[in-house]
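Visitor: Quick one, fold the following:
(one chain, ligands or ions: 2)
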Amino acid sequence: MPSENLFSDGLYPKAIMTRHTLTVLGSTGSIGVSTLDVVARHPEKFKIFALAGHTQTVKLAEQCAAFCPEYAVVADAVHAAELERLLAAKNCQTEVLYGAQALIDIASADAVDGVMCAVVGAAGLPSALAAAQKGKTIYLANKETLVVSGALFMETAAANGARVLPVDSEHNAVFQVLPQGFQRGRLNDYGIDSIVLTASGGPFLDTDLASFDGITPAQAVKHPNWSMGRKISVDSATMMNKGLELIEAHWLFGCPPERLETVIHPQSVIHSMVRYRDGSVLAQMGNPDMRTPIAYCLGLPERIESGVCALDFGKLSALTFREPDFNRFPCLKLAYDAMHAGGSAPCVLNAANEEAVAAFLDGKIRYTDIARVVAHCLEQGFSDGLNDVESLLILDKETREAARQRIAKAV
Ligand code: NAD
Ligand code: MG
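Guide: Residues are numbered from 1 along each chain as shown. Ligands and ions are numbered 1, 2, ... in the order given. Purely as a prediction, here's the structure:
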C-alpha cells in the first residue's frame, strides 16, 4: 500500500546497522561539497557509490580520489575525456559516465540506498524522479523538483516507498519540529495552525529602491549569512527563493497555501517554525551552515557530528523579524500568485526564473528585469493538471523560449 506517512517511525530505520551507500548528484556544488564534508566525518556509516559534477572536472577528480566511488558522471563526452585523464593521473579506478541518462542510472542503481539530490535547477528533476521510482531514500536539496512537479514527485515517492527527507534548511527545520509520526496534509489532526518559513531578506533588504536598477551580479551573489551557489544566491536576493520554498513546503508537508507564512529574520538563526493551536510556536535554531540539515537527514534516526560550530548566544545581539515588502521583492509576490494559481503555474515560474537569473548573471539584463521576465511568462498562461514528466518538461522548454525572447527585448 502506498503510504502518505513519510515521517513515521515505521519508515525510519531504527538505527543505521549497515554502511549506507550513497549517490551524490551535484557533488561539486555548494551542497555537494558540504555533503561530502559530513560523509568524510563518518566513514563507518557511509560509502559513496557515485558522484556527479557536470562540468567541474578538476573538483570531481579530487572528490573521486578522496571517496573512491564506482562511478563519476559528467555532462558530455568532452568532459568525460578530461575527467578520465585527471583520474588516470591520480591512479583512480572510478569509471566515468556522461549525459542525462547516466545521472538517472546512478540515482536508481540497485546498490544505492540514498541519493543526495543537489543539482541546481529543473535539470535535477529526472534523476530525482528516478530515485523516487526506485524507492530510494531521497535527501532533497533540489527544491526546483518540487516546484516543477510537486504532485507527481510526491505521488511517485509514496507509491514506491521512497522517503523524502528535506535538506533545504527551512524545511529541515520544520521537519525537526513537527510532531513524531506526522502525516502529510493532516495539520488539524496534529494541532498545527501554520508553517512559518523564515527568510534572511538577502543583501538588499535595506538598499534604496531607487538604486535597484544598478545592482550587479557580484553584489547579488554576496549573501550576508549563507555561502551558496550563484543561482540560489540571486534567488535569495530577489526572495524568489522564499517563493520557491513556499511551494516546496506546500508539497512536502501537504500544507495548504493559506496556512504557509513567511517572515524576514535577517540574522538567519531561526531556520523556520511551526505554530500550534495552543499558541506554542516551535522553532529550530542553529548557525547558518548547511551541514546541520545535511547531517540531520543523513544520520536519521541518530544525531551525528556535522562539523558546525555551536551557536554562541553571547554573540547574538538580537533576533529580529519583519514582514516582507512586495514592492522590494516582486518575485516573492509572483511566486505566491503561482502557488495559489496551482496547476502548471509553478513550472512556468521556475523555468522563467532560471532563464532570467542566468541572463542577469551573464550581464544581459538588469536585476529589476528578473521579475519582469517572470511576470511576462506567467501572463502567457499555463494549464491545469499537467502531471506527467514529459508534458512538464515540454512546458519548461517552451517557457524558457518565451523567457529568452523577452530577455532579448530587455537588452
Ligand atoms: P551549485 O551551483 O553550487 O551546485 C550545483 C551542482 O549541480 C554542481 O555540482 C553542478 O556541477 C551541478 N549542475 C549544474 N547544472 C547541471 C546540469 N544541467 N545537470 C547536472 N548537474 C548540474 O548549487 P547549490 O547552491 O549547491 O544548490 C544546489 C541545489 O540545492 C539547488 O536546487 C538549490 O536551490 C538547493 N539548495 C542549496 C542551498 C545552499 O546552501 N547552497 C540551500 C538549500 C537548497
Ligand atoms: Mg532554504
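Visitor: how close does the residue in the stretch 151-300 of the chain that ligand 2 sits nearest to sit to Thr216?
Guide: Going by Cβ to the ion, ligand 2 is nearest to Asp168 of the stretch 151-300 of the chain, at 4.2 Å. All C-beta atoms are positioned from the backbone trio N, CA, C, and that covers glycine. According to Cβ to Cβ, to the nearest Å, Asp168 and Thr216 sit 27 Å apart.
Visitor: now do Asp189
Guide: Asp189 is 49 Å from Thr216, by Cβ to Cβ.
Visitor: Quick check, the residue in the stretch 1-150 of the chain closest to ligand 2?
Guide: Lys143 (7.4 Å).
Visitor: is it true that that residue touches Glu248?
Guide: Yes - counting by Cβ atoms under 8 Å, Glu248 is a contact partner of Lys143 at 4.5 Å.
Visitor: Give me the common contacts of the two.
Guide: Asp168 (Cβ atoms under 8 Å, 6 or more residues apart in numbering).
Visitor: burial of Asp206, as a residue count?
Guide: Per other Cβ atoms under 10 Å, the neighbour tally for Asp206 reads 8.
Visitor: where does Ser194 fall, phi/psi-wise?
Guide: Phi and psi for Ser194, reported as degrees, to the nearest 10, are phi -160, psi 170.
Visitor: where's Ala130, which helix or strand?
Guide: helix 125-133 (DSSP states H and E).
Visitor: C-alpha coordinates for that helix, CSV please?
Guide: Output of helix 125-133 as CSV, limited to C-alpha atoms (Å, rounded to 0.1, in the frame of the first residue of the first chain):
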residue,chain,number,x,y,z
LEU,A,125,14.1,16.6,-11.9
PRO,A,126,14.6,13.4,-14.0
SER,A,127,17.2,11.9,-11.7
ALA,A,128,15.3,12.8,-8.5
LEU,A,129,12.2,11.2,-10.0
ALA,A,130,14.1,8.1,-11.0
ALA,A,131,15.3,7.8,-7.3
ALA,A,132,11.7,8.1,-6.2
GLN,A,133,10.6,5.4,-8.7
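Visitor: ok so, going back, number of nearby residues for the residue of the stretch 1-150 of the chain closest to ligand 2?
Guide: 28.
Visitor: Quick check on it: phi, psi?
Guide: phi -70, psi -30.
Visitor: do Thr198 as well
Guide: phi -90, psi 150.
Visitor: go on, Lys47?
Guide: phi -130, psi 140.
Visitor: Quick check, it in contact with Leu22.
Guide: Yes - Lys47 is within contact range of Leu22, at 7.0 Å (criterion: Cβ under 8 Å).
Visitor: Looking at the two, which is more packed in?
Guide: Neighbour totals were compared for Lys47 and Leu22, and Leu22 leads with 27 against 18 (other Cβ under 10 Å).
Visitor: Tell me the first helix or strand C-terminal of the one helix or strand the more buried one maps to.
Guide: Assigned by DSSP H and E, Leu22 belongs to strand 20-25. Counting by DSSP H and E, the next helix or strand C-terminal to strand 20-25 is helix 30-40.
Visitor: Run the chain-centre distance for that next one.
Guide: Counting by Cα atoms, centre = their mean, to the nearest Å, helix 30-40 is centred 15 Å from the centre of its parent chain.
Visitor: Buried residues, it. List them.
Guide: 30-39 (16 or more other Cβ atoms under 10 Å).
Visitor: Redo those residues as CSV? Include distance to Leu86 and pLDDT.
Guide: Converted to CSV, the buried residues of helix 30-40 look like this (distance: Cβ to Cβ, whole Å; pLDDT from 0 to 100):
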residue, distance to Leu86, pLDDT
Ser30, 22, 97
Ile31, 23, 98
Gly32, 17, 98
Val33, 17, 98
Ser34, 23, 98
Thr35, 21, 98
Leu36, 17, 98
Asp37, 21, 98
Val38, 25, 98
Val39, 21, 98
